[in-house]
Every structure is written in structure tokens, then in C-alpha cells.
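Asker: Sequence and computational prediction follow.
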Amino acid sequence: MNPRILPYVLILPVTLFLCLFFLYPFVLVSQQAFSTGSGFTLDNFKDVMSHWKFPISLKNTLYLAAAVVPFQLALALLMATMVSKMKKGRDLVLYVWTIPLGISDLAAGIIWLAIFEQSGFLNSMMSGLGFIDRPMNLLSYQTPALVFLAIALAEIWRATAIMLVILVAGIGLIPKEYYEAAEVFGASPWKRFTRITLPLLRPSLSTALVLRVILAFEVFAVVQALGGTLFPVLMGETYKYQFELLDGGSAAAIALIILLISIAFTLLILRALRVPKGATI
Amino acid sequence: MAVIEIKNVAKRFGDYQALHDINMTIEDQEFMCLLGASGCGKSTLLRIIAGLETATSGEVWIGGRRIDNLSPKDRGISMVFQNYAVFPHLTVFENIGFGLRMQKLPNDEVKRRVERTAELMHIEQLLKRYSGELSGGQRQRVAVARALAMEPDVILMDEPLSNLDALLRMEMRAELKGVLAESKTTAIYVTHDQVEAMSMADRISVMHEGRIAQNATPVEVYRNPAEKFVAGFIGNPPMNFLDAKSAGSGNWTVAGQSFAGPAIDKAAIEFAIRPEDMAPAETGIAATARVVEPLGAHLLVTCDVGGTLFRAVLDSDLVVHPGDILTLAPQADRIRWFDPETTQALS
Ligand SMILES: Nc1ncnc2c1ncn2[C@@H]1O[C@H](COP(=O)(O)OP(=O)(O)OP(=O)(O)O)[C@@H](O)[C@H]1O
Ligand SMILES: [Mg+2]
């Protein structure tokens, strides 16, 4: 076969698959978002964006991502470095750390609810130790900071591992000669991390970050379980429009807004972590 | 003053003994070549000196200071790695300047030193490139420049010229040697190329299976190999060996001829002679020519002496055909003797 066509033939099946299950639904959703039954309109967007809950849910989503993702990045880097340095028991530790990855986000939310709710572990532990007289409602409208903290904790617990596995694989690809050379030429362990590991990890870092940031903007089940209506987020609004208000057009509009934010951040991350032209990493 | 002393260094990798009890001293500003076949432990020894590998036992001293418990950066060394280890995410400039940046030298000093060493290594036009845009030989020169830019007391080089073409290699050899002599650096230079070792070294340490077989000047190593291994390893073509039977009172019978040798009480030892230390004569060792290779200045004749391979490098004026029987007289003062059991030289 003509070698020039061959690559295209080879990616044809997956392209068809993507068109059928991603592009087509995307077109349908866009249609829905840009119409109210008669022709092209931005009414859906105007509606959802002027709703009083929209700025709050947008702000909540962004704050949550801003609080969770950098922390997860640092934590995942620390864990990945530790795992990579281990000689024995490396696989076991990695498996244990990635267990939360196998738990659905709703289940994760429920686990953390079991800790924080009025009859939960935290309350029984604190009253058992005598810190409080009777169980308190930790997750109420009076304690927004605690609600935020509980959600952030659950998210960190649940989704750090996805970054961890990507970073561990990335660190494993860095030849150890570079570290030896850096060591001989006077780089301290911290300098080796910042001057060798981080720059050579850029491709893995951007993959991990993009993946994680997109997931952070789609946060839903954990928030639903822990915060319910106390902590509205964009994805929760989409759900509400679609299934409670039966307004598909508005749901589609919010979904597109989330997509837009995700794309913007993806581009930002890719640009920030791009490898200089000519450097081969 | 950077004298390197290696005292009883041994290294084990699990069950495998890579280095056995190495002892050697490299004098201040000396250029020492570690020469040996692949896998004999050259890199391992170098990495122990650099601090990238921990010796199982023994000590390393540099400039009168015990350094084997120090981290690599505190040892006053710099190193050229066998696989270059040129950082792919930094330009050539930043690679060469890496160690200087770690020392927090001011920018203009970094620039000055980088440009000077780059010029020495003929890579000044490559300073803006990345390692991925260089050839193997260019990368190797970046690695050397990076080590030189540190202006260290001791420089450790692991086959730094192995990827250059023959001409450039010869040029770099001379230049590197000049640069190191000028900078008063003590150098350990690993190579498996004996021509390189012969031409550059003040002293050669021939390594064999994790031991130092001989540690001497190039001429000494060539003329008076301490072991049969050294005799067979150094020289191209290497030394010839023939069995010698005792004829009593220090005389030995070799291929039917009698030679004066060591007066020791043994029934059989080995006779050795370099291929170029023989000439056709009236009496001598009878050798049947098998292959004749004219090399321009010389004639390399591969012969057979009683079933043993025997090479002679003769004057190219001679006319020799395969099948001819040559009578070769060894130059008496160039004959060497080896003990077949210990493989050590006899005198
Ligand atoms: N990390 C290691 N683990 C186990 N064995 C090793 C290790 N490093 C080296 N060896 C063994 O030690 C021996 C010496 O290795 P070394 O790298 O020092 O050889 P070398 O003389 O530098 O060879 P070359 O000329 O091919 O570079 C080899 O047999 C090698 O297999
Ligand atoms: Mg080696």
C-alpha cells in the first residue's frame, strides 16, 4: 500500500469511532444549546448565565479546582519521587496508593460523608475523646468552609492517584545518567529535582495536569454527596437543568461552557509546559 | 595538589566480584590511562572514585583527604560520562555551564568559561543547539567541555573520544592532553584503545578481570609486560608466545633452538617476542609463512611454528610467499619469559 496513505488508513477505525460517539453527540449538544426550537439563538446561554446560581457555581468550581489541583500536583510529585526512589515494595505501595482510583466518585463521596456527617466517624471520635458534648452537624449552611474542606479532601483522596501513576511512569523514563551527571556537577537533591526531574517530566506533567484539570471542572458526584445544594457547581447545574427542570437547551449550554473552560485551561497548560523547540525530551 | 590514592578498593555486585583489591596512586597532574577490555571494571573503578558507586571495601583519597564518604560534588572532581549524559532539555551553552551555575558563578564568568572551553573543543558554533540536534561526536565534545569548564583538580574521563572519527580523534587527543597539562589537572582516562593510551598517558594501568595487571609507563608496559595478559593485550599485532623446555643452567629450547633465559628450576616456561623484534637470519626459529600482508612500511607475515601461531613484522623489501619457510632470529635483548602457571613475567 502507498506509504503516504497507510497512516490515515490505520487511524480510520478510531476516527470513525470518535466521530460516531463523540463528534456526533457533540454536534447534537451544540444544536440543542444554540436553539430554543426555532433557529439559531444565544438565549440558552443568556438564560443560564443570568441565573443567580451561575456565578456562584462557576466560582465554586474554579475555587475548588484552584484549591485541589495544585495541592494534588505537589502531593503526586512527592509521592512519585518517593515511589521512584524505593527499591523494594515499590509495586505494593503503588497499588495501595492507587486504590482510590478504583472507587467510583459517588462511592468516594459517600465514604467521606460517612466520616463527616452528624452520626459519622469524626463526630463519634471527637465525642469519644471528649472534645465535644454531642454530635454536631459539620456539613451545614452555617459551616461553608468545612463543606469546602470536606469536598476538597475527598477530591484529593480520590483523584491524586491518577496524576501519581502518570508521573511515576514519566519519572521512570528519565535515564539515571542525568542525575549522576547533575550530582557530579554539584546539584543538590533539590536542584536535581528542579533542574532535571521537573523539566524532563514536562510531557508527563502536562498530560497529568490536563487530565486532572478537566476532571476538576467536571466535579459532580463527590460534591453532590457531601455538599448537596450547599455547594453548587457547574456540573450540578447541568444535571439540575436536564433532569429536574427538563430544560435540555440550558443543560447543553452549561455543558458547552464547561467544555470551553476546559479547552482554555488545556491550552494554557500545554503552553506553559511546552518543550523548547529543538529540545528532545 | 591532587594526588589520587586508591587503597584496597574492591567492589561486588551481588555474587559478581567486579573489582579485586585495587591499589594505585596517581600523582599530581599526572595523566593516567586505565586500559582494559570491555567489562574489566574500568567504569566501575572510575565511578567509585567519582562517588557514583560505593566500594564494597577500601578507601579513596584525593589530595591527602579521604573522600569515599563524601558526596560527588564535594570531591573536587568532574567527569566525562561514557554515555555523555548531555542534558537534552538544555542548550549546549547551558550544558557546559551547568556546573558553573550550580556554583552560582556570576553570569559573565559563566559565559567566559563556557565560551573558552567550547572553543577548545571546537563546538563554539553549536552553543545554541540542543543535544538532540548534535551528532554523537559533537555530544561527546560537549561532555568533555562541560567537565573542563569546571576547572577541577581531578578530571575523570570514561572513553571520551570513542565516538569521534579517526582524524578528529587524533586531533582531539593531542589537544586534550595539551589542555590538561596546561590546566594542571590530574586525569584518569578510561579507554580500551591502546593507541590512545600509549600516545596520551604518562602512565598506563592495564586492567584485567577486575585487577590491575600492570601499572607503568607506556614504554615499560610495551617492552616489559608484567603478565602474559598484558603482553597479549598490548601491541598490534600482540606478542608471540612459544613453549620453552629447560636445557639446564638457564638455557631453554624453543622450537629446536637454544636461548639463554632465566636460571630457574622449572621444566617448561614460555618464550615471548614481539613480532617486530625479529629479522630473517642464517640461524633462528623456523617458521612456515601462511598469510602475507603488505602494510606499506612493513610486511606482516603470519606463520606457523610447530602448530603455534607466530607473527612477524618484517621489512617490506623482503619477498615472502605463503608456504615459504623463514628462519627468524629474535633480538636477544627483546626476548621475554613468562611462567605458564602464574602467567607472571620471569627475569
Ligand atoms: N550495576 C551493576 N550491577 C551488576 N553488575 C555490574 C553493574 N555495573 C557493572 N557490572 C559488571 O561489572 C563488570 C565491569 O563493568 P564496567 O562497566 O566497569 O566495565 P568496563 O570496563 O567499563 O567496560 P566497557 O569498556 O564495556 O565500558 C561488568 O562485568 C559488568 O557486567
Ligand atoms: Mg565502561
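Answerer: Nice, I can see it. Ligands and ions are numbered 1, 2, ... in the order given.

Asker: what's the pLDDT at the closest residue to ligand 2 within the stretch 1-150 of chain B?
Answerer: Nearest residue of the stretch 1-150 of chain B to ligand 2 (C-beta to the ion) works out as B:S43 at 3.0 Å. All C-beta spots, glycine's among them, are computed from the backbone N, C-alpha and C. As summarised for this prediction, B:S43 has a pLDDT of 94.

Asker: ok, now A:V147?
Answerer: At A:V147, pLDDT is 86.

Asker: where's B:R169, which helix or strand?
Answerer: helix B:166-182 (DSSP states H and E).

Asker: What average pLDDT does that helix get?
Answerer: 85.

Asker: which parts of it are buried?
Answerer: Applying a neighbour-count criterion of 16 or more other C-beta atoms under 10 Å in any protein chain shown, one finds B:R169, B:M172, B:R173, B:L176, B:K177, B:V179, B:L180 buried in helix B:166-182.

Asker: Ligand 2 contacts on the stretch 101-250 of chain A?
Answerer: Contacts of the stretch 101-250 of chain A with ligand 2, taken as C-beta under 5 Å from the ion, are absent.

Asker: closest to B:L134 among the buried residues of helix B:166-182?
Answerer: Lowest distance from B:L134 to the buried residues of helix B:166-182 (C-beta to C-beta) belongs to B:M172, with 15.4 Å.

Asker: Which residue, other than its chain neighbours, is closest to that closest one?
Answerer: Distance criterion C-beta to C-beta, 6 or more residues apart in numbering or on different chains; nearest residue to B:M172, sequence neighbours excluded, is B:L161 at 5.5 Å.

Asker: which residues does A:L268 contact?
Answerer: Contacts for A:L268 were tallied using C-beta atoms under 8 Å, 6 or more residues apart in numbering or on different chains; there are none.

Asker: where's it relative to ligand 2, distance?
Answerer: 45 Å (C-beta to the ion, to the nearest Å).

Asker: Wait, a strand at the residue of the stretch 1-150 of chain B closest to ligand 2?
Answerer: No - when classified by DSSP: H, G, I helix; E, B strand; the rest coil, B:S43 is found to be helix rather than part of a strand.

Asker: so it touches B:Q82, yeah?
Answerer: Yes - with contact defined as C-beta atoms under 8 Å, B:S43 counts as touching B:Q82 (5.9 Å).

Asker: Between those two, which contacts overlap?
Answerer: With C-beta under 8 Å, 6+ apart, B:S43 and B:Q82 have common neighbours B:D158, B:V190.

Asker: what's the average pLDDT for the longest strand belonging to chain B?
Answerer: Taking DSSP state E as the criterion, chain B has its longest strand at strand B:278-294. If you average the pLDDT over strand B:278-294, you get 92.

Asker: same deal with stretch B:80-99?
Answerer: pLDDT averaged over stretch B:80-99 gives 94.

Asker: Of all the residues in it, which ones are buried?
Answerer: In stretch B:80-99, counting by 16+ other C-beta under 10 Å, buried: B:80-82, B:84-99.

Asker: do the same with stretch B:270-279
Answerer: Across stretch B:270-279, burial judged by 16+ other C-beta under 10 Å covers B:E270, B:F271, B:A272, B:I273, B:R274, B:P275, B:E276, B:D277, B:M278, B:A279.

Asker: can you give me the helices in the stretch 151-300 of chain B?
Answerer: B:166-182, B:194-200, B:218-223, B:228-233 (DSSP state H, counting those that start in this stretch).

Asker: Tabulate those in JSON lines, adding columns for distance to ligand 2.
Answerer: Formatted as JSON lines, the helices of the stretch 151-300 of chain B follow (distance: least, C-beta to the ion, whole Å):
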{"stretch": "helix B:166-182", "distance to ligand 2": "18"}
{"stretch": "helix B:194-200", "distance to ligand 2": "14"}
{"stretch": "helix B:218-223", "distance to ligand 2": "20"}
{"stretch": "helix B:228-233", "distance to ligand 2": "16"}
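
Asker: Could you list the residues of the stretch 51-200 of chain B in contact with ligand 1?
Answerer: Residues of the stretch 51-200 of chain B found near ligand 1 (C-beta under 6 Å from any ligand atom) are B:Q82, B:H192.

Asker: and the stretch 51-200 of chain B, which residues reach ligand 2?
Answerer: B:Q82.

Asker: what are the ranges of the strands in the stretch 51-200 of chain B?
Answerer: B:57-62, B:65-66, B:77-80, B:154-158, B:186-191 (DSSP state E, counting those that start in this stretch).

Asker: Would you tell me which one of those is buried the most?
Answerer: A comparison of the strands of the stretch 51-200 of chain B by mean neighbour count, using mean count of other C-beta atoms under 10 Å in any protein chain shown, puts strand B:77-80 on top with a mean of 28.

Asker: Show me what it is packed against.
Answerer: Contacts defined by 3 or more C-beta pairs under 8 Å, 6 or more residues apart in numbering or on different chains; DSSP states H and E place strand B:77-80 against helix A:176-184, helix B:42-50, helix B:136-149, strand B:154-158.

Asker: Just the C-alphas of it, formatted as PDB.
Answerer: Extracted C-alpha coordinates of strand B:77-80, given in PDB (Å, rounded to 0.1, in the frame of the first residue of the first chain):
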ATOM      1  CA  ILE B  77      36.300  16.100  40.600                       C
ATOM      2  CA  SER B  78      34.500  16.400  37.300                       C
ATOM      3  CA  MET B  79      33.600  13.700  34.900                       C
ATOM      4  CA  VAL B  80      33.000  12.800  31.300                       C
END
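
Asker: Direction included, what does it pair against?
Answerer: In the sheet, strand B:77-80 lines up against strand B:154-158 (parallel) (DSSP bridges).

Asker: measure stretch A:98-109 end to end?
Answerer: Terminal residues of stretch A:98-109 are spaced 17 Å apart (C-alpha to C-alpha, to the nearest Å).

Asker: roughly how far is that stretch from the heart of the chain?
Answerer: Counting by C-alpha atoms, centre = their mean, to the nearest Å, stretch A:98-109 is centred 13 Å from the centre of its parent chain.

Asker: Flag every buried residue along that stretch.
Answerer: Result for stretch A:98-109 [16+ other C-beta under 10 Å]: buried residues A:P100, A:D105, A:A108, A:G109.

Asker: The third one: which element?
Answerer: So the one you mean is A:A108. Residue-wise, A:A108 maps onto helix A:105-116 under DSSP H and E.

Asker: Can you give the contact residues for the very next helix or strand once past that helix?
Answerer: Using DSSP H and E, the helix or strand that follows helix A:105-116 in sequence is helix A:121-128. Residues outside helix A:121-128 that contact it (C-beta under 8 Å, 6+ apart): A:A114, A:I115, A:F116, A:E117, A:I132, A:D133, A:R134, A:P135, A:M136, A:L138.

Asker: Just the pLDDT for the third one.
Answerer: Read it as A:F116. Looking at A:F116, its pLDDT is 84.

Asker: just checking, it touches A:L138?
Answerer: Yes - using C-beta under 8 Å, A:F116 is in contact with A:L138, at 5.1 Å.

Asker: what number of residues lie near the closest residue to chain A within chain B?
Answerer: Relative to chain A, the nearest point of chain B is B:G132 (3.1 Å; C-beta to the nearest C-beta). Counted by other C-beta atoms under 10 Å in any protein chain shown, the residues lying close to B:G132 total 13.
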